[in-house]
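*Asks:* The sequence and its predicted three-dimensional model are supplied below.
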Protein chains: 2
Amino acid sequence: MAAARVRSGGRPTLEEVAARAGVGRGTASRVINGSPRVSAQTREAVEAAVAELGYVPNRAARALAGNRTDAIALVVPESETRFFAEPYFSDIVRGVGAALADTEMQLLLTLAGNDRERRRLAQYLTAHRVDGVLLVSVHADDPLPDLLEQLGMPSVISGRRHAAETLPSVDSDNFEGARAAVDHFISRGRRSIATITGRLDVYGAQRRLDGYRKAIAAAGLDPDERLIAPADFSEEGGARAMRELLVRRPDVDAVFAASDVMAAGARQVLRESGRRIPDDVGLIGFDDSAVARHMDPPLTSVRQPIEEMGRTMARVLLQEIANRSEDRAGERPRIVLPTELVVRESS
Amino acid sequence: MAAARVRSGGRPTLEEVAARAGVGRGTASRVINGSPRVSAQTREAVEAAVAELGYVPNRAARALAGNRTDAIALVVPESETRFFAEPYFSDIVRGVGAALADTEMQLLLTLAGNDRERRRLAQYLTAHRVDGVLLVSVHADDPLPDLLEQLGMPSVISGRRHAAETLPSVDSDNFEGARAAVDHFISRGRRSIATITGRLDVYGAQRRLDGYRKAIAAAGLDPDERLIAPADFSEEGGARAMRELLVRRPDVDAVFAASDVMAAGARQVLRESGRRIPDDVGLIGFDDSAVARHMDPPLTSVRQPIEEMGRTMARVLLQEIANRSEDRAGERPRIVLPTELVVRESS
DNA sequence: CGTAGGCTTGGGAGCGCTCCCAGGAGGGGT
DNA sequence: ACCCCTCCTGGGAGCGCTCCCAAGCCTACG
């Protein structure tokens, strides 16, 4: 008895839609998944039935039968606190969200602070089945990317771990951004240009330093190592580095900090030392975050198109997922988006 | 041939675990789900097999068979931008995350700005099957809560829509918080105490106003309506309201703003008008957010235990879900958490 | 007029799990 | 010694869908 199988309560199933449209289950499925191998007439009938019944496919059933989940994870190596504090992450999420907006794809946020958690995560991700993973703010010795690669999980990384990144990646042009900042100082007649670096085990931080060096060298300035102060992307770290710089080279007349937050720390120290910005010392940050706009004076900063990076990462990942299921050989895209110097009063 | 069913590639299934442990599928399932009706010996054998095979249950299969998803949605009526900008949301998420940490429950963030989206969302949520929904920052005429209630979806609301809220809710004591703020002003000898309200279609904002009125009346002060300026929780709104207040009652000597952000707007205007805080005018905010601590002077503010609200909401929701599946009658908990006045220099 | 080939179509098999029933093994009471 | 419970256990049924095979239909061509 076919009718017996069509229960009336609860949510409609594919079977019910098919019955209503007077077609088979397979055909109904084809229509719903946009297969071209359906006659126009049939398609219409099924679509009508879907509308009338308010049918929405059951995600779990789909996942089970189709061996996919229509979900991707964004893995952030941070605690909730920092995740929400850093505008970087929210911009990424916004971009990813935008790229996924007209997709069925669902976004899972996964915060995993330490390596142990991240190791477990790999298993977890493959078991709970997401179709792909976006990795953000990964440091060089993170085990997760390799684990995911071994497990054959499509992944995209923001930035990269090192020059020979094997995963598909989306990065901004840290090198050129840094160079532009230093060139800007040079064009304004600054000569003792220092830099405060981020953690150098982060590839992007290294590239910013490379860009700084390149610009100094290209201008024929003295490449004094005392003008390079390492820090850790934190405000306090920026302040500490600035103090060192003032001791080592009191004549410094420009500082390129590898993040706005570090620039904020540096600014504080410069103030306390009685130096005026930009009159005595020019200051440039990196990220062009809200911090930069609200600083006093407003901070010149290298803008990264973070939201676009998020959008691009999502697109690349979707492509990777499609490639894999079609068994096509992927060519591991490695995308670099341009940065832009936003000039304000601090330089 | 039993062995034929046990494929070796891919992730292990329950069946494989059961075979390895030398028990039936049902028994293995019982162990994994912590049923008490298993002998200690059997339990050990299964647990060993799980460990050896690195078995992790397939979520989709579970969801399909068990008609549940082990996932709940946090629905935020905001765009990504505001979601990340407001510390309120991050605290809620942190609390919810904490409550869910040692659960299998997964958290889905769903941002839906307008009513149309929210209407679709109800269907979406029931179809994609989450087990329950957390609603945050809902305004009085939002269709979503009623829709969810009709659909029988367990839901918990933060704050409430009106005095006769039907959904389980977790709120902070807005009334007492406001009253404490005004009482504090009164105890310091302030007499012309104004308030800047939030959007009054938000129940909490209304209650803060009620608390203000109550305190004014209790102290026998003149309840001048010109001391009440409505705004919308935004910084700009706070500034605008403050300007109005200064025109209507230039003698104002204290302002209770229904949010820290509005207090920030008010502060700006007070400064511009040449008034000193707290010497000429006392200022108190609401939320005790980071803004309050970093303001100059540091802002006295009414602290809401937002993170705890998140934690409580999650707990209540888990209870609701459990109740429903056990068909127990729920008594619709309505929880109100205490607020606390954090006194700083601005008052 | 026969047949090959292209389109559509229906529906069986199976994804991995939970639910539940029935059956076997003990244990205690009379 | 017998019966009735209780406790554990195995495995069938089925969740709603996708995949895929085979069958039906039609057109076009020899």
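*Replies:* Yes, it's here. Numbering: from 1, shown residues only, chains lettered A, B, ... in the order given.
*Asks:* Now do the contacts for the residue lying closest to residue A:227 once chain neighbours are set aside.
*Replies:* Among residues not flanking residue A:227 along the chain, residue A:194 sits closest, at 4.2 Å (C-beta to C-beta, 6 or more residues apart in numbering or on different chains). To be clear about C-beta, it is placed using only N, CA and C from the backbone, and glycine gets the same treatment. Residues in contact with residue A:194 (C-beta atoms under 8 Å, 6 or more residues apart in numbering or on different chains) are A:227-229, A:245, A:249, A:252, A:254-256.
*Asks:* of those residues, buried ones?
*Replies:* With burial judged by 16 or more other C-beta atoms under 10 Å in any protein chain shown, the buried subset of those is A:227-229, A:245, A:252, A:254-256.
*Asks:* would a markdown table of those with secondary structure be doable?
*Replies:* Converted to a markdown table, the buried ones among the contacts of residue A:194 look like this (DSSP: H, G, I helix; E, B strand; the rest coil):
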| residue | secondary structure |
| --- | --- |
| A:227 | helix |
| A:228 | strand |
| A:229 | strand |
| A:245 | helix |
| A:252 | coil |
| A:254 | strand |
| A:255 | strand |
| A:256 | strand |
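*Asks:* Pick out whichever of the contacts of residue A:194 sits closest to residue A:58.
*Replies:* Lowest distance from residue A:58 to those (C-beta to C-beta) belongs to residue A:256, with 54.5 Å.
*Asks:* Correct me if wrong: the closest one contacts residue A:185.
*Replies:* Yes - Residue A:256 is within contact range of residue A:185, at 7.0 Å (criterion: C-beta atoms under 8 Å).
*Asks:* Please enumerate the shared neighbours of those two.
*Replies:* In contact with both residue A:256 and residue A:185: A:193, A:284, using C-beta under 8 Å, 6+ apart.
*Asks:* Stretch A:27-46 and DNA strand D, any residue contact?
*Replies:* Yes - counting by C-beta under 7 Å from any atom of the strand, DNA strand D has neighbours in stretch A:27-46: A:29, A:32-33.
*Asks:* most surrounded residue in the residues you listed?
*Replies:* For those, the largest neighbour count, defined by other C-beta atoms under 10 Å in any protein chain shown, is 19 neighbours, found at residue A:29.
*Asks:* Distance check, the spatially closest residue to that residue that is not a sequence neighbour against residue A:51.
*Replies:* Closest residue to residue A:29 apart from its sequence neighbours, by C-beta to C-beta, 6+ apart: residue A:14 at 6.1 Å. For residue A:14, the distance to residue A:51 equals 15 Å [C-beta to C-beta, to the nearest Å].
*Asks:* higher neighbour count, the two?
*Replies:* residue A:14 (19 against 10).
*Asks:* which one of the contacts of residue A:194 sits closest to chain B?
*Replies:* Nearest to chain B among the contacts of residue A:194 is residue A:255, at 23.9 Å by C-beta to the nearest C-beta.
*Asks:* helices or strands up against the helix or strand that contains residue A:94?
*Replies:* Per DSSP states H and E, residue A:94 falls inside helix A:87-100. Contacts defined by 3 or more C-beta pairs under 8 Å, 6 or more residues apart in numbering or on different chains; DSSP states H and E place helix A:87-100 against strand A:71-76, strand A:106-111, helix A:306-325, helix B:80-85.
*Asks:* Contacts only, for residue A:202.
*Replies:* So residue A:202 contacts A:137, A:139-140, A:159, A:233 (C-beta under 8 Å, 6+ apart).
*Asks:* In strands, which of these fall?
*Replies:* In strands, judged by DSSP state E, none of the contacts of residue A:202 are found.
*Asks:* Tell me the spacing between the residue nearest to residue A:62 when sequence neighbours are not counted and residue B:122.
*Replies:* Among residues not flanking residue A:62 along the chain, residue A:70 sits closest, at 7.3 Å (C-beta to C-beta, 6+ apart). Look at residue A:70 and residue B:122: by C-beta to C-beta, they are 20 Å apart.
*Asks:* how about stretch A:13-28: buried residues?
*Replies:* A:13-14, A:16-21, A:23, A:27-28.
*Asks:* Mean confidence (pLDDT) on that stretch, please.
*Replies:* Stretch A:13-28 shows a mean pLDDT of 95.
*Asks:* show me where the stretch 201-347 of chain A has strands.
*Replies:* A:228-230, A:254-257, A:282-287, A:300-303, A:334-337, A:340-342 (DSSP state E, counting those that start in this stretch).
*Asks:* for the ones you listed, which one sits closest to chain B?
*Replies:* strand A:282-287 (15.1 Å).
*Asks:* now that closest one, how far from the centre of its chain.
*Replies:* On the basis of C-alpha atoms, centre = their mean, to the nearest Å, strand A:282-287 sits 21 Å off its chain's mean C-alpha point.
*Asks:* returning to what we had before: highest average neighbour count across the helices and strands packed on helix A:87-100?
*Replies:* strand A:71-76 (a mean of 24; mean count of other C-beta atoms under 10 Å in any protein chain shown).
*Asks:* would CSV of the helices and strands packed on helix A:87-100 with mean pLDDT and distance to residue B:98 be doable?
*Replies:* Formatted as CSV, the helices and strands packed on helix A:87-100 follow (pLDDT from 0 to 100; distance: least, C-beta to C-beta, whole Å):
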stretch, mean pLDDT, distance to residue B:98
strand A:71-76, 91, 17
strand A:106-111, 85, 12
helix A:306-325, 92, 26
helix B:80-85, 71, 19
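*Asks:* and of those, who's closest to DNA strand D?
*Replies:* Between DNA strand D and the helices and strands packed on helix A:87-100, the shortest separation by C-beta to the nearest atom of the strand is 7.9 Å, and it involves helix A:306-325.
*Asks:* hmm, who's touching the closest one?
*Replies:* Contacts for helix A:306-325 (C-beta under 8 Å, 6+ apart): A:68, A:72, A:88, A:91-100, A:103, A:105, A:131-134, A:152, A:154-156, A:158, A:168, A:170-172, A:287, A:329-330, A:333, A:335, A:337.
*Asks:* what pLDDT does the residue nearest to residue A:227 get?
*Replies:* 98.
*Asks:* Next: residue A:330.
*Replies:* Residue A:330 is given a pLDDT of 64.
*Asks:* One more: residue A:9?
*Replies:* So, for residue A:9, pLDDT stands at 52.
*Asks:* got it, and residue A:224?
*Replies:* Predicted confidence (pLDDT) for residue A:224: 96.
*Asks:* hang on, isn't it packed against residue A:249?
*Replies:* Yes - contact status for residue A:224 versus residue A:249: in contact at 7.0 Å, counting by C-beta under 8 Å.
*Asks:* Looking at residue A:70 and residue B:122, which is more packed in?
*Replies:* Neighbours were counted for residue A:70 and for residue B:122 using other C-beta under 10 Å; residue B:122 has more, 21 against 17.
*Asks:* Dump the C-alpha coordinates for stretch A:178-196 into PDB.
*Replies:* Below are the C-alpha coordinates for stretch A:178-196, written out as PDB (Å, rounded to 0.1, in the frame of the first residue of the first chain):
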ATOM      1  CA  ALA A 178      55.700  46.900   4.000                       C
ATOM      2  CA  ARG A 179      57.700  48.200   1.200                       C
ATOM      3  CA  ALA A 180      55.100  50.800   0.300                       C
ATOM      4  CA  ALA A 181      55.100  52.000   3.900                       C
ATOM      5  CA  VAL A 182      58.800  52.400   4.100                       C
ATOM      6  CA  ASP A 183      58.900  54.100   0.700                       C
ATOM      7  CA  HIS A 184      56.400  56.500   1.900                       C
ATOM      8  CA  PHE A 185      58.600  57.400   4.800                       C
ATOM      9  CA  ILE A 186      61.500  57.800   2.500                       C
ATOM     10  CA  SER A 187      59.600  60.100   0.200                       C
ATOM     11  CA  ARG A 188      58.900  62.300   3.100                       C
ATOM     12  CA  GLY A 189      62.500  62.600   3.900                       C
ATOM     13  CA  ARG A 190      62.800  60.200   6.800                       C
ATOM     14  CA  ARG A 191      66.100  58.600   7.100                       C
ATOM     15  CA  SER A 192      66.300  56.600  10.400                       C
ATOM     16  CA  ILE A 193      63.500  54.200   9.800                       C
ATOM     17  CA  ALA A 194      62.900  51.500  12.300                       C
ATOM     18  CA  THR A 195      60.500  48.600  12.200                       C
ATOM     19  CA  ILE A 196      58.700  46.700  14.900                       C
END
